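Visitor: only geometry, no sequence info:
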Ligand SMILES: Cc1cc2nc3c(=O)[nH]c(=O)nc-3n(C[C@H](O)[C@H](O)[C@H](O)COP(=O)(O)OP(=O)(O)OC[C@H]3O[C@@H](n4cnc5c(N)ncnc54)[C@H](O)[C@@H]3O)c2cc1C
């Protein structure tokens, strides 16, 4: 039973977006730019964004050498370079839209640690630099072996260090808060605790259903256009979409006195990553040692992977420095058989931008912008 007032003022919208992560909020902001007077509503099932956008590592990254070389085994050169360019453009857009201060952007260096079994990647650096030259405008990668000792990494693992000249880092919390604040400043309505159960496309509008436990009934909202920005959770609304969830495990230490490095670091084809943040070390990854268990949308810790992260922190990253772990968490990413994101129109009223993989921080804004060119409005 809804009141006349509720029915009159809170039910009909021109644009409804499902999902308040980086992508959903970026789509909302793109729509506002294009339709200054339209009513825009973002629906988020959680207390706040509850997927990947508030739980990632904050790497403003485009791809490390071993990861790009691994991608080139399953994707064409054209696809790999297009994706690299989209990440680069997306990062530029995010920085311009929100400003470096607001997102804590810094370029403190980005590196890949090369272990013995990956040494052959060094022979391919020139090839990668040539491939990426039109996008980066300078060599993307350079050897930085002199820094291995300065950074204090175990030489048993780290046989070489490659510096990436075009990546940076952000503060994930600040970035998501800035996106939410900008959306509110732009008169975009955000409703949290609003889990869309299903939707139905009609001739005049799309009906979007949101159960309301307190009222013991469901809201039947109406949108001229609906946008699914639900990343790993998309199959719950669109089961036929090829989206495979991938959980990511993370830990962070307490502050460490005289931490010998700053910047962001990748290793093992991008499966592990760590960074310095606020005098601490944040380390994540390890999905590749238990793919099956991590193919889930459940936010939980994986003991096997977390203890692998402990081991890497102790033996590889901080072999000579005592540390204590302060916090552990996980987040949910979305993958497919290719790393290309899905940006598509399902009809003239329903659109989707999802499957951002492990680099949605950089890619998210560009994917949202790309969708605008597909709108039938
Ligand atoms: C541990 C980890 C580390 C990562 N590190 C990095 C990194 O360093 N750099 C990088 O670029 N990327 C990183 N990523 C990936 C990046 O965070 C994601 O690609 C990006 O956040 C995806 O944004 P999104 O908006 O598409 O998805 P999400 O942030 O998952 O947003 C989707 C939203 O939809 C909501 N939703 C779903 N279903 C419904 C429904 N039915 N009704 C209402 N709301 C719904 C969810 O609650 C969620 O908030 C990492 C991810 C993880 C998990």
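Guide: Thanks, I have the structure now. Everything numeric here is computed off the predicted structure, so don't read it as measured data.
Visitor: Any residues of the stretch 251-377 of the chain in contact with the ligand? List them.
Guide: Taking C-beta under 6 Å from any ligand atom as the contact definition, the stretch 251-377 of the chain meets the ligand at 284, 331-333, 354, 356, 358-362, 364. In this view, the C-beta of every residue, glycine as well, is placed from N, C-alpha and C.
Visitor: Just the buried ones among the residues you listed, please.
Guide: Neighbour counting with 16 or more other C-beta atoms under 10 Å marks 284, 331-333, 354, 356, 358-362, 364 as buried within these.
Visitor: For the residues you listed, which two are the farthest from each other?
Guide: Within these, 284 and 354 form the most distant pair, 21.4 Å apart (C-beta to C-beta).
Visitor: quick one: the helices in this structure?
Guide: Using DSSP state H, the helices of the chain run over 4-9, 22-34, 65-71, 77-98, 100-103, 125-136, 147-151, 172-185, 303-312, 360-372.
Visitor: Would you mind putting the ones you listed into TSV with mean pLDDT and distance to residue 324 alongside?
Guide: Output for the helices of the chain, formatted as TSV (pLDDT from 0 to 100; distance: least, C-beta to C-beta, whole Å):
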stretch	mean pLDDT	distance to residue 324
helix 4-9	95	51
helix 22-34	98	31
helix 65-71	94	30
helix 77-98	97	33
helix 100-103	98	28
helix 125-136	96	37
helix 147-151	93	20
helix 172-185	98	21
helix 303-312	97	11
helix 360-372	96	27
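Visitor: Quick one: closest of those to residue 48.
Guide: helix 172-185 (8.0 Å).
Visitor: how far does the closest one sit from the chain's center?
Guide: Centre-to-centre, helix 172-185 and its host chain are 15 Å apart (C-alpha atoms, centre = their mean, to the nearest Å).
Visitor: From the contact counts, what lies against that helix?
Guide: Contact here means 3 or more C-beta pairs under 8 Å, 6 or more residues apart in numbering; DSSP states H and E; on that basis helix 172-185 packs against helix 22-34, helix 77-98, helix 100-103, strand 189-192.
Visitor: what about the third one and the ligand, touching?
Guide: Spelled out, that is helix 100-103. No - using C-beta under 6 Å from any ligand atom, helix 100-103 never reaches the ligand; the gap is at least 12.4 Å.
Visitor: Identify all contacting residues around that helix.
Guide: The contact list for helix 100-103 (C-beta atoms under 8 Å, 6 or more residues apart in numbering) reads 94-95, 106, 170-171, 174-175, 178.
Visitor: do that again at 7 Å, thanks
Guide: When contacts are defined by C-beta atoms under 7 Å, 6 or more residues apart in numbering, helix 100-103 is touched by residues 94, 170-171, 174-175, 178.
Visitor: Likewise for stretch 180-194?
Guide: 20, 25, 28-29, 32, 40-48, 98, 210.
Visitor: out of the residues you listed, who's nearest the ligand?
Guide: residue 45 (3.6 Å; C-beta to the nearest ligand atom).
Visitor: What residues does the stretch 51-200 of the chain have near the ligand?
Guide: Counting by C-beta under 6 Å from any ligand atom, the residues of the stretch 51-200 of the chain near the ligand are 51-53, 55-59, 61, 195-196.
Visitor: Most neighbours out of these, which is it?
Guide: Tallying neighbours with other C-beta atoms under 10 Å puts residue 51 at the head of these, with 30 neighbours.
Visitor: show me what contacts that one?
Guide: So residue 51 contacts 21, 231-233, 331-332 (C-beta under 7 Å, 6+ apart).
Visitor: would you turn the residues you listed into TSV with distance to residue 264 and pLDDT?
Guide: Converted to TSV, the contacts of residue 51 look like this (distance: C-beta to C-beta, whole Å; pLDDT from 0 to 100):
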residue	distance to residue 264	pLDDT
21	21	98
231	22	98
232	23	98
233	27	98
331	17	98
332	21	98
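Visitor: Which ones among these map onto strands?
Guide: Using DSSP state E, the members of these that fall in strands are 331-332.
Visitor: What is the most widely separated pair among the contacts of residue 51?
Guide: When the contacts of residue 51 are compared pair by pair using C-beta to C-beta, the two farthest from each other are 233 and 331, 12.4 Å apart.
Visitor: What separation do you get for the nearest residue to residue 346 once chain neighbours are set aside and residue 263?
Guide: Leaving aside its sequence neighbours, residue 346 sits nearest to residue 352 (C-beta to C-beta, 6 or more residues apart in numbering; 6.4 Å). Taking C-beta to C-beta, to the nearest Å as the criterion, residue 352 is separated from residue 263 by 35 Å.
Visitor: out of the two, which sits in the more crowded spot?
Guide: The neighbour count for residue 352 versus residue 263, taken as other C-beta under 10 Å, is higher for residue 352 (25 against 20).
Visitor: quick one: that one and the ligand, what's the gap?
Guide: As defined by C-beta to the nearest ligand atom, to the nearest Å, residue 352 lies at a distance of 10 Å from the ligand.
Visitor: who's in contact with that residue?
Guide: By C-beta under 7 Å, 6+ apart, residue 352 lies in contact with 228, 234, 342, 344, 346.
Visitor: neighbour-wise, which of those leads?
Guide: residue 228 (26 neighbours).
Visitor: What residues are bridge-paired with that residue?
Guide: residue 18, residue 352 (DSSP bridges).
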